[in-house]
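>>> next comes the sequence, and after it the predicted model I'd like to discuss.
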Amino acid sequence: MIVFIQKFNNKCFLILCIGIFNHALAQHSSGTNKLQLEERRSKLNAEIELLNKQVQQIKKNKKHSLSEIVALNIKIEKRNALIQTISQDINQLNADMDKNRAEEQRLTMHYKNIKSLYIQSVLRAQKDNYKFHFFLFLLNAESFQQALYRYKYIQQLALIRHNQGEELKRTKLQLNKTIAVIHTQLNEKARLKSSEEHEKSKLNVEKNDKQMAVTELQRKEKAVKKELEQKRKTAIRLQSEIKRLIEREMAKRQKTQEKSESPAVLKSKTKQAPQREIFDAQEQALSKEFISNKGILPWPVERGVVCESYGTHEHPAIKGFMMTNNGIELCVLEGTKARAIFSGEVTSIAASPSGGSLVIIRHGEYLSVYCNLDQITVSVGQYIKPKQVLGNILFSSHENRYAMNFQIWKSQKTLNPEDWLRRNM
């Protein structure tokens with residue numbers, strides 16, 4: 001009988017431990033998801049705050065502009081993403097609360113069961129003590145061996161009652177903790193719901209602001225299209241200038257290489273098909289290192305938002321008007337500095353057709369291009385380190401914002417910079 005009670009007691013304790021372990025594992029998993037959602041929410045809030053400042057900056061001239069619509073459009077996208085993130089957070093919280101409520105029910109049932117066993121054990125002990133005295137029970141033994149068994153029997157009963165009491169305390173403590181967590185989650189859910197409604201209200205205001213700006217610009221559609229056409233022509237000139245600078249640098253490289261070769265080798269090369277760009281071992285190693293950093297390269301600004309993405313896309317205000325960007329447009333605040341994304345050599349610094357200066361840095365086969373800069377802090381031929389400051393980002397009176405066009409090239413081909421930069425700025 002004693003062995004059975006002890007085994008049953010040990011089994012209850014084991015079930016409690018397994019339950020607590022599984023619950024803790026679930027909490028850890030949900031905690032990781034919650035942390036990711038919180039990080040995303042924090043990032044979106046920071047981007048929206050930056051966009052708010054940019055819109056205020058744009059509105060200083062007291063007229064609606066394409067840049068304002070672009071900024072509002074991005075802000076609406078970020079706000080929608082933020083609302084979605086809060087909604088996911090609420091869903092995650094609901095799932096955690098369901099698990100905690102199930103855990104609360106399990107612990108409540110377990111607490112009732114072990115409490116019942118503990119009461120029965122205490123009542124049995126009181127009944128036994130009433131029937132006979134501890135010392136009389138030992139003295140009435142027929143032999144010393146029997147007295148020893150009886151002593152161990154009494155010790156086992158006392159130990160079982162003690163273990164049951166301790167388990168009762170542990171279960172009650174775990175139950176109280178679970179209830180406290182549920183209360184905290186209920187408060188957190190109420191806070192998130194309030195935040196969600198607040199963000200939805202802001203979203204409606206931003207949509208109205210955008211509609212007002214779009215309506216005003218649509219009244220001046222001819223002038224706007226003319227402005228956009230001018231921007232497209234400027235972009236084409238910018239690409240031509242970048243391409244020309246790259247070709248000039250490669251031609252200079254080719255001449256330097258030819259000077260170092262013997263006439264016989266040079267003659268044999270002229271009879272062959274045109275060769276690809278040739279890079280020395282150090283540049284090839286830099287190319288491999290650049291490739292190995294794809295997706296984790298630092299951003300060319302410390303803080304900013306992508307206000308125009310790579311490739312061809314429709315203008316947010318003028319339907320049917322397609323825009324092409326061979327890089328990404330980074331909108332920033334006044335005083336923001338451009339910085340290098342990777343180690344390399346400055347190969348060109350020239351006037352940019354879009355305004356200000358442009359800087360080209362070679363990273364082996366790859367090149368990074370930074371446009372619309374002022375107060376350049378580097379020089380041609382200088383070896384640059386990652387995140388080294390290149391210059392200040394200018395205010396574009398045409399665009400009515402502080403922005404930098406950033407591009408990545410491989411030979412004569414442009415690449416999507418967002419594929420190369422790390423996810424978070």
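Cool, got the structure.
>>> by mean pLDDT, flag the weakest helix or strand of the chain.
Least confident helix or strand, the chain: helix 263-271 with a mean of 52, by mean pLDDT, DSSP states H and E.
>>> next helix or strand past it?
For helix 263-271, the following helix or strand on the C-terminal side (DSSP states H and E) is helix 281-292.
>>> neighbouring contacts of that next one?
Residues outside helix 281-292 that contact it (CB atoms under 8 Å, 6 or more residues apart in numbering) are 279, 342, 343, 344, 362, 363, 364, 365, 366. For the C-beta atoms, the positions are set from N, CA and C on the backbone; glycine is no exception.
>>> ok, now stretch 52-72?
When contacts are defined by CB under 8 Å, 6+ apart, stretch 52-72 is touched by residues 51, 75, 206, 209-210, 212-214, 216-217, 224, 227-228, 305, 307-308, 315-317, 331, 333-334, 399-402.
>>> which secondary structure elements does the longest helix anywhere in the chain sit against?
In the chain, taking DSSP state H as the definition, the longest helix is helix 144-219. Contacts defined by 3 or more CB pairs under 8 Å, 6 or more residues apart in numbering; DSSP states H and E place helix 144-219 against helix 2-58, helix 66-131, helix 134-139.
>>> switch to 6 Å and redo it
helix 2-58, helix 66-131 (3 or more CB pairs under 6 Å, 6 or more residues apart in numbering; DSSP states H and E).
>>> which stretch in the ones you listed has the least confidence?
When the helices and strands packed on helix 144-219 are compared on average pLDDT, helix 2-58 comes out lowest at a mean of 65.
>>> partner strands of the strand or helix carrying residue 324 and their direction?
Using DSSP H and E, the element containing residue 324 is strand 322-325. When pairing is defined by DSSP bridges, strand 322-325 lines up against strand 311-314 (antiparallel).
>>> centre of the chain to the helix or strand just after the strand holding residue 324, how far?
Of the helices and strands lying after strand 322-325 in sequence (DSSP H and E), the nearest is strand 328-332. With CA atoms, centre = their mean, to the nearest Å as the basis, strand 328-332 stands 19 Å off its chain's centre.
>>> so what's residue 274 scoring on pLDDT?
Looking at residue 274, its pLDDT is 47.
>>> which positions in the strand holding residue 324 come out as buried?
323, 325 (16 or more other CB atoms under 10 Å).
>>> residues contacting that strand, please?
Contact with strand 322-325 is made by 308, 310, 312, 314, 315, as judged by CB atoms under 6 Å, 6 or more residues apart in numbering.
>>> got JSON lines for those residues, with neighbour count too?
Conversion of these to JSON lines gives the following (neighbours: other CB atoms under 10 Å):
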{"residue": "308", "neighbour count": "20"}
{"residue": "310", "neighbour count": "21"}
{"residue": "312", "neighbour count": "9"}
{"residue": "314", "neighbour count": "11"}
{"residue": "315", "neighbour count": "19"}
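>>> of all those residues, which two lie farthest apart?
310 and 315 (15.4 Å; CB to CB).
>>> so what's residue 401 bridging to?
residue 396.
>>> what angle sits between the helix or strand containing residue 345 and helix 281-292?
Assigned by DSSP H and E, residue 345 belongs to strand 344-351. Angle between the axes of strand 344-351 and helix 281-292 is 80 degrees (criterion: axes from the mean of the first three to the mean of the last three CA atoms, to 10 degrees).
>>> same for the helix or strand following strand 344-351, what does it pack against?
For strand 344-351, the following helix or strand on the C-terminal side (DSSP H and E) is strand 357-363. If you count contacts as 3+ CB pairs under 6 Å, 6+ apart, strand 357-363 packs onto strand 344-351, strand 366-374.
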